[in-house]
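Visitor: Fold the stuff below for me.
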Amino acid sequence: MSVLHATSVAVAAVVLSVGFSATARAAIPCANRAEAALPSDAYYVGPSEAIQLPALLRQHHRVRLAPGEDYRHSPTITLQSNDAIYGAAGTRTSAIVVTPGTHGAIVSGVVPEALEFPPSNLPTSQNCFERFAARTYAQQPLTLRNVLVENNLFLDVGQIVVDTSQTGRVANNRFIRTLVHGSAPVAVLRGRGPGSEDRNVFLWMNALGPIGDGVLIDGESQVNIIGLDAENWNQHGQATRPAMMSVSGTRIFRGYILQGGAALPAPTRYLDVSATAVELAGVRLYKAANPAVRVADTVAAFTNLLPINVTLENHAGGQLQLTAFENGNDSVTVQGADEDHPAHPRTPAVTAWEAPHLRAISDAYGRDGLRQPATAPDSRDYLQHLIDTSKIAVIPAGTYYISGPLKLRNGQGIVGAGADRTTIVAKSADVDLIEGADHYEQKHSTSFSLIDVTLQGGRVGIRHDEKGAGKGAQFNLTHLSHVVIRDMGEAGISISGIYGWDNNLIDNVTFYRVPVGIKQTPSAWYVSAALNGDVEGMNYMDKNVFYHCQFDEVGIGMELTAKRANGLNACVECVFRHNRFGAMRLTWNVSTVVANSDFVENGGDPVIASNLPIGIVASRFVDGSGKSFLDSDAICEGCKFLHAGSGITSVGHEGSRLLLINSASTGVPLGTVSRALLMNSSLRETGKLRAKVAEISGGASRAVVPGTVQPAEQLLRQW
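Guide: Next up is the predicted model:
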């Protein structure tokens, strides 16, 4: 097997070559494992052996369960250090108890009746819990009470209860994709007030229709929430607080890219916040009580950047307040410019999240493999029979050539032996490899699984359109994991003419040598939500999280064109490398989040194009042939812009307006932007200013808040 490149190595080499001072990086080793979703070297435990599962885990330490099967008649499972349990496509188990002090353990693709952490003062750390939340049936909330739980990854989470009000510490954990539908409260974080050491990051959260409270935070040291969508909260009037999210007795609260609204007769507020320091950026609301946000008089430092449709009741008693670009205007207002004010937010050097280390792209079959399909045996009927008779077809290692698409209906799927071991190749260039086949005319939820396989050649890797899936198909809760889609003629994934893609987690998917990685095509007849409403065929994409995905040597990485606006899609720890015409092309995408991702030597003007504000945090940009990186109203926190070789890219698109926070550039110019607000950010255009906050307008710069600039990301960090 030849390896074309390892993306993370390439990025690291560029960073070092330009001499950029490296921020200390914190790693959770299991978070960057380069294994399959179902590693073949893990001991296989079949459904008939469920009663023996705890004993087999003790004997082998790494076990692999059958996709979609039910192991709940197993006794309670005890998880210890370096254990691993793998499942897929909704594999269910009895409760899993995490032994206090456990480290290096993995629970992935397995949905237990409960994931339990017994009270203890032994540190449970460096573990990865992925795709473990139930969505369609009851599961106990993830409860961390009187425990010492730190430096863990929780990916794809349901209800959360953190309670260290009596004892314990829950800190430096990464909660990525918290999704709760209907249940309440969505999350409870309760610390010990001034004595609390709880500091955690919540990256992407969806609170859809909680019957009562949404997010309750009290007595925490620090909480960072990046990307939150709340819809129709307090549906049954059971809330105990007057706002969807209530923050009290907390030292620092940061909320970036928060959106939502409650289309109810008497909606309550969106946010009540009482903390020493509050930072809000990119809050966008469509319906809530008036005022929608209440800031208490206990707040000593308050920052509010690019709020849209946010009615504010501000009682902040401190002297430090800054508001910028409210409702899209150009105004910047500041109160309390003394850098020595005791409430002035400090930005000390931090330990940031490690950059993504994604699996190297293999050329095991490569383009030479595309010369063989015409004469190769046709495996289409064999594979389709497996799918139709097994629901989840488990395909052995090998190369399978197909003359037509494999059709997946609701609940069906394909699981290979690994993306480098199971490959499905189109016999001709006009073949779509995977198609939806439900033919739903009315709105109907549907899902599919595609795991540990490579799709190669042909026209489109996965096609969902009105002819196959049907205009009523709404894809959600799919399991698309550890897949390579390469050498396609049109797109990796094509979505057109259906109801939509809503609330999906797509992880470890590689798009290689395709014109467009993910292509959303709007229906020609659909004008807008205001005119047409939510109807079959509107073809929207909402709340899809792309995690550990890479787009390499493609034309455009993501081309998401909406008419009924998309909302809160996210790229988390993704890599865009050598995208010829741009990494992202977003039209009518609301509150998009890009986090801890790498953009390396891409084309485009800009590389990330969006006609609506976008939130980018802790990401790295290496210049290339593209003329600019960012579109207007981009909010960039903890970003680094690096010049390498002959790259010509500037930070901002010509005439754009930017918000740069805790960001820095080495050799990359800001560009001819119309206006920019730089907060604790270092660019050559502000090199002579001693300004903690600087404003650039019409080519001229001025100091808004004096002070020494020390850029260091504050959102995705360890403490």
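Visitor: Now do the buried residues in the lengthiest strand in the chain.
Guide: Scanning the chain for the longest strand, with DSSP state E as the assignment, gives strand 243-261. Neighbour-count burial for strand 243-261, counted by 16 or more other CB atoms under 10 Å, picks out 243-261. C-beta: built from backbone N, CA, C; applies to glycine.
Visitor: do the same with stretch 30-39
Guide: Buried-residue list, stretch 30-39, by 16+ other CB under 10 Å: 30, 31, 32, 33, 35, 36, 37, 38, 39.
Visitor: Tabulate the CA atom coordinates of it in CSV.
Guide: Written as CSV, here are the backbone C-alpha positions of stretch 30-39 (Å, rounded to 0.1, in the frame of the first residue of the first chain):
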residue,chain,number,x,y,z
CYS,A,30,-7.9,7.9,21.6
ALA,A,31,-9.5,10.9,20.0
ASN,A,32,-7.0,10.7,17.1
ARG,A,33,-6.9,7.0,16.6
ALA,A,34,-6.6,6.0,13.0
GLU,A,35,-8.6,2.8,13.3
ALA,A,36,-11.8,1.6,11.6
ALA,A,37,-15.1,2.1,13.2
LEU,A,38,-15.1,-1.7,13.9
PRO,A,39,-11.4,-2.6,14.1
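Visitor: what does that stretch rub up against?
Guide: 62, 64, 67, 86-88, 104-106, 108-109, 126-128, 153, 174, 354, 356-360, 415, 417-419, 451-452, 481-482, 508 (CB atoms under 8 Å, 6 or more residues apart in numbering).
Visitor: what is the mean pLDDT for the longest strand of the chain?
Guide: Averaging pLDDT along strand 243-261 gives 96.
Visitor: do the same with stretch 180-188
Guide: 93.
Visitor: Alpha carbons only: can I get that stretch in PDB?
Guide: Extracted as PDB, the C-alpha positions of stretch 180-188 are listed here (Å, rounded to 0.1, in the frame of the first residue of the first chain):
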ATOM      1  CA  VAL A 180     -31.500  16.300  23.000                       C
ATOM      2  CA  HIS A 181     -35.000  16.200  21.500                       C
ATOM      3  CA  GLY A 182     -38.000  16.800  23.800                       C
ATOM      4  CA  SER A 183     -36.400  15.900  27.100                       C
ATOM      5  CA  ALA A 184     -35.700  18.500  29.800                       C
ATOM      6  CA  PRO A 185     -33.400  19.800  31.000                       C
ATOM      7  CA  VAL A 186     -31.000  19.400  28.200                       C
ATOM      8  CA  ALA A 187     -27.900  20.000  30.400                       C
ATOM      9  CA  VAL A 188     -27.400  20.800  34.100                       C
END
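Visitor: gap between that stretch and the chain center?
Guide: 19 Å (CA atoms, centre = their mean, to the nearest Å).
Visitor: Buried residues of that stretch, list them for me.
Guide: Quick answer for stretch 180-188 (16+ other CB under 10 Å): 180, 183, 184, 185, 186, 187, 188.
Visitor: Quick one, which of the contacts of stretch 30-39 are buried?
Guide: The buried subset of those (16+ other CB under 10 Å) comprises 64, 67, 86-88, 104-106, 108-109, 126-128, 153, 174, 354, 356-360, 415, 417-419, 451-452, 481-482, 508.
Visitor: Please narrow those residues to those residing in strands.
Guide: Per DSSP E, the buried ones among the contacts of stretch 30-39 map to strands at 64, 86-88, 106, 108-109, 128, 153, 174, 415, 451-452, 481-482, 508.
Visitor: Quick check: the farthest pair among the residues you listed?
Guide: 174 and 415 (27.0 Å; CB to CB).
Visitor: ok, now which ones touch residue 416?
Guide: Per CB under 8 Å, 6+ apart, neighbours of residue 416: 395, 397, 422, 451, 452, 453, 454.
Visitor: what's the spacing between residue 271 and residue 193?
Guide: Distance of residue 271 to residue 193, computed by CB to CB, to the nearest Å: 20 Å.
Visitor: more neighbours, those two?
Guide: More crowded of residue 271 and residue 193, by other CB atoms under 10 Å: residue 271, with 29 against 15.
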